[in-house]
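Engineer: I need the structure of the sequence given here:
(one chain, ligands or ions: 1)
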Amino acid sequence: MGTDPRRGTIVKVSGPLVVAEGIAEARMYDVVRVSEGKLVGEIIELHGDRAYIQVYEETGGLGPGEPVWTTAAPLSVTLGPGLIQSIYDGIQRPLDVVRQRVGDYIARGVDVPGLDPEKKWEFVPTVKEGTEVRGGDIIGKVQETNVVEHRILVPLGAAGKVVSIRAGSFTIAEPVAHLDGSGVRHEIRMAQTWPVRRPRPYRRKLAPDEPMTTGQRVIDTFFPVGKGGTACVPGPFGSGKTVVQHQLAKWADADIIVYVGCGERGNEMADVLLEFPELEDPRTGEPLMRRTVLIANTSNMPVAAREASVYTGITIGEYFRDMGYNVALMADSTSRWAEAMREISGRLEEMPGEEGYPAYLGTRVAEFYERAGKVICEGSGEKIGTLSVVGAVSPPGGDLSDPVVQATLRVVKVFWSLEDQLAYRRHFPAISWLNSYSLYTENLQEHFRTKVAEDFVTLEAEAMRLLQQEAELQEIVRLIGVDSLSPSDRLILETSRSIREDFLHQNAFHEVDTYASMDKQCRMLRVILAMHAAASRALEAGVSIQEIQRLPVRESIAQMKYTGEKEREKISGIAETIEAQIGELLKEKSRA
Ligand code: ADP
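Structural biologist: The predicted structure follows:
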């Protein structure tokens, strides 16, 4: 034993938790390398001389007596060109590079940089020498992929006058600019590091007032999430959480997608890894990966790595937000992260809270979602960026009283309730229109009125009212049968069935139906409600509900969802057909 203040010795190994003594310079949340194998871990608790280390790699074979070293630095990510299209593990090791180096299973202790240190990027300055800049300001750009322009930010904390800046081809380690901050010289490179557990600061948070559209009708029309907002999708196994997350990753109206996969089942994450690089962005025709960062934790990776992956993902999201982008982060599934917390907490012998989860579960979950937001970014000017976060939760048996669901619902503003009853009936997306909610609706109304259509908010409210009336009427039908209902009540059932089947039901795997623009959604809703209004008039004139049900226009309504975006204006033409066919019925009635 020497006097190395950074070195200590393992005294105990308990699964992913290693206890070490004798690290003089041990600090909370610093990264340590464990054993001669240099496994990566993080100090998560300190009691006097004892450091409790959460290890992000398999600890099999480790034992007391082996050395550990602190790196004296917190767990950090490297932020710069090269992030997009990467597939990382929880501690920002690119999976493809690791695989090339050591084969299919991630070997322990491998050191691979998060960003390629040799790759050259074309740097284009956007400020001139002599400009005063400060942390968060954009000083240049790099065309990272053909859809993402990577904006190079002055690192937070640095400020001064640009004394030199040069265009050209550089690696992320080479300086591209120098600042003079009253005598202090700063070298600016294209990459910077940031400790993952510390939220990146911003100047001010704003209320999300623009929707992050997803092309999914039940979401955009009834339960929208604002750009910079938070949402959660809990649901039992097989109810469609993964399909929802994938649909968002494909269609969400965001510049950058960060997808954090916390191994639900090993092969499912493998699906994402294989499928994602192949997927095409339907809008640009480019591979979706060109705006995506994937962070993958398959279930064969140690549990502690799940925690790291959540923090790594959100930090990358904040970084792109700071460039003034709209970023969407998907985490699937946060339950796996919570289980990792539970396991580590158990090994620390902490006092357990509900169902064995640590008492700080709620705080951790809240801290994570609070990193979402629409913000005025650091720097001069009014650069606005958003980071929206959607987390899937997979409670055992779909039970919503699960502590992870409850902790999540306390912080998120949108709840998409997936229900197995709907999934059994093959109503997809199986998002319940009765139990879900969005607390953004009010803040988004102005946007919907001015950017979608003046009547959109009214249409939405009317459709929702019909769906709620349907639920009440169904109770009555169950008790005394449908014949007891008045014709107008039967029409409510008829229209709400149409809202469910012709509007809410949306097939993620259908070429056209997979995505609907807000304009198409609005037109569809308008037609369904026009049918309702015309049918109400007909009923009053004595037309029977059966006659209305038999109208051929019903088929056109059912086909609306398969009308391509380019032809969506044709949908509105159905309203005229409705008028004509109902008009016929009325004429027949008056003749009779
Ligand atoms: P979970 O992740 O909740 O276990 P999945 O997302 O894997 O569930 O969904 C289970 C199955 O449900 C899918 O394989 C698919 O067949 C069906 N499904 C879910 N959502 C949709 C949708 N929007 N359109 C069509 N089928 C869907």
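Engineer: list the contacts of G235.
Structural biologist: Taking CB atoms under 8 Å, 6 or more residues apart in numbering as the contact definition, G235 lies against 241, 392-394, 398, 417-420, 430. Any C-beta I mention is one placed from the backbone N, CA and C, and that applies to glycine too.
Engineer: would a markdown table of those residues with neighbour count be doable?
Structural biologist: A markdown table is the format used below for the contacts of G235 (neighbours: other CB atoms under 10 Å):
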| residue | neighbour count |
| --- | --- |
| K241 | 24 |
| A392 | 26 |
| V393 | 29 |
| S394 | 25 |
| G398 | 20 |
| S417 | 21 |
| L418 | 27 |
| E419 | 20 |
| D420 | 16 |
| A430 | 26 |
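Engineer: now do the same for the helix or strand that K587 is a member of: mean pLDDT, whole number.
Structural biologist: If you go by DSSP states H and E, K587 is part of helix 569-591. The average pLDDT for helix 569-591 rounds to 93.
Engineer: for the ligand, what are the nearby residues on the chain?
Structural biologist: Within the chain, the positions near the ligand by CB under 6 Å from any ligand atom are 235, 237-243, 428-429, 506-509.
Engineer: if you set the cut-off to 5 Å instead, what comes out?
Structural biologist: 237-243, 428-429, 507-508 (CB under 5 Å from any ligand atom).
Engineer: report the two of these separated the most.
Structural biologist: Using CB to CB, the two most remote members of the residues of the chain next to the ligand are F237 and N507, lying 20.7 Å apart.
Engineer: now do the strands in the stretch 351-500 of the chain.
Structural biologist: With DSSP state E, counting those that start in this stretch, the ranges of strands along the stretch 351-500 of the chain come out as 373-376, 384-393, 414-415, 437-438.
Engineer: for G114, which non-adjacent residue is spatially closest?
Structural biologist: Spatially, and ignoring its direct neighbours in sequence, G114 is nearest to Q92 (3.8 Å; CB to CB, 6 or more residues apart in numbering).
Engineer: bridging residues for the residue of the stretch 51-200 of the chain found nearest the ligand?
Structural biologist: Using CB to the nearest ligand atom, the single residue of the stretch 51-200 of the chain nearest to the ligand is I87, 20.0 Å away. Counting by DSSP bridges, I87 forms beta bridges with L294.
Engineer: that one against D96, yeah?
Structural biologist: Yes: applying CB atoms under 8 Å as the test, I87 and D96 come out as touching, 6.4 Å apart.
Engineer: these two: which is more packed in?
Structural biologist: Ranked by neighbour count (other CB atoms under 10 Å), I87 and D96 place I87 first, with 23 against 13.
Engineer: how close does that one sit to F368?
Structural biologist: Using CB to CB, to the nearest Å, we find I87 at a distance of 22 Å from F368.
Engineer: hang on, the earlier thing: do you know how far the residue nearest to G114 is from E57?
Structural biologist: 14 Å.
Engineer: the most centrally placed residue in the chain pairs with what?
Structural biologist: The centroid of the chain falls nearest to M330 when counting by CA atoms, centre = their mean (2.4 Å). Counting by DSSP bridges, M330 forms beta bridges with Y259, V390.
Engineer: residues contacting it?
Structural biologist: Neighbour list for M330: 245, 248-249, 257-260, 390-392 [criterion: CB under 8 Å, 6+ apart].
Engineer: for T298, give me the pLDDT.
Structural biologist: pLDDT, T298: 64.
Engineer: for the stretch 351-500 of the chain, what spans make up the helices?
Structural biologist: Ranges of helices within the stretch 351-500 of the chain are 361-369, 403-409, 420-424, 441-447, 456-480, 487-498, based on DSSP state H, counting those that start in this stretch.
Engineer: now do the buried residues in the longest one.
Structural biologist: Which is helix 456-480. Neighbour counts over helix 456-480 (16 or more other CB atoms under 10 Å) mark 456-457, 459-460, 462-464, 466-467, 470, 473, 477 as buried.
Engineer: rewinding a little: save the helices of the stretch 351-500 of the chain as TSV, and put in distance to A516 and mean pLDDT too.
Structural biologist: Conversion of these to TSV gives the following (distance: least, CB to CB, whole Å; pLDDT from 0 to 100):
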stretch	distance to A516	mean pLDDT
helix 361-369	28	95
helix 403-409	28	94
helix 420-424	19	92
helix 441-447	17	96
helix 456-480	13	96
helix 487-498	16	96
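Engineer: got TSV for those, with distance to E547 too?
Structural biologist: Putting the helices of the stretch 351-500 of the chain into TSV (distance: least, CB to CB, whole Å) gives the following:
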stretch	distance to E547
helix 361-369	52
helix 403-409	46
helix 420-424	31
helix 441-447	37
helix 456-480	21
helix 487-498	11
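Engineer: to M341, which of those helices lies closest?
Structural biologist: Taking these one by one with CB to CB, helix 361-369 is closest: 6.3 Å.
Engineer: between that closest one and strand 384-393, how big is the angle?
Structural biologist: Relative orientation of helix 361-369 versus strand 384-393 (axes from the mean of the first three to the mean of the last three CA atoms, to 10 degrees): 140 degrees.
Engineer: which helices and strands does helix 361-369 pack with?
Structural biologist: Here helix 361-369 touches helix 334-347, strand 384-393, helix 403-409, going by 3 or more CB pairs under 8 Å, 6 or more residues apart in numbering; DSSP states H and E.
Engineer: give me the pLDDT for T3.
Structural biologist: Taking T3 on its own, its pLDDT is 78.
Engineer: from here on, call the first residue 6.
Structural biologist: All set: I'll call the first residue 6, so the last point we hit is now T8.
Engineer: check for me that it belongs to a helix.
Structural biologist: No: secondary structure of T8 (DSSP: H, G, I helix; E, B strand; the rest coil): coil, not part of a helix.
Engineer: where does pLDDT dip in the chain?
Structural biologist: 6-7, 102-114, 268-279, 287-288, 303-306 (pLDDT under 70).
Engineer: what's the spacing between the closest residue to G402 other than its chain neighbours and D404?
Structural biologist: In space, and not counting its chain neighbours, G402 is closest to P241: 6.2 Å by CB to CB, 6+ apart. Going from P241 to D404 by CB to CB gives 8 Å.
Engineer: those two - which one has more neighbours?
Structural biologist: Shown here are P241 and D404; by other CB under 10 Å, P241 has more neighbours (19 against 10).
Engineer: residues contacting the more buried one?
Structural biologist: Residues near P241 by CB under 8 Å, 6+ apart: 399-400, 402-403, 423, 425.
Engineer: any idea how far T297 is from Y264?
Structural biologist: 6 Å.
Engineer: overlap in contacts, the two.
Structural biologist: Residues within reach of Y264 and of T297 at once, by CB under 8 Å, 6+ apart, are 254, 281.
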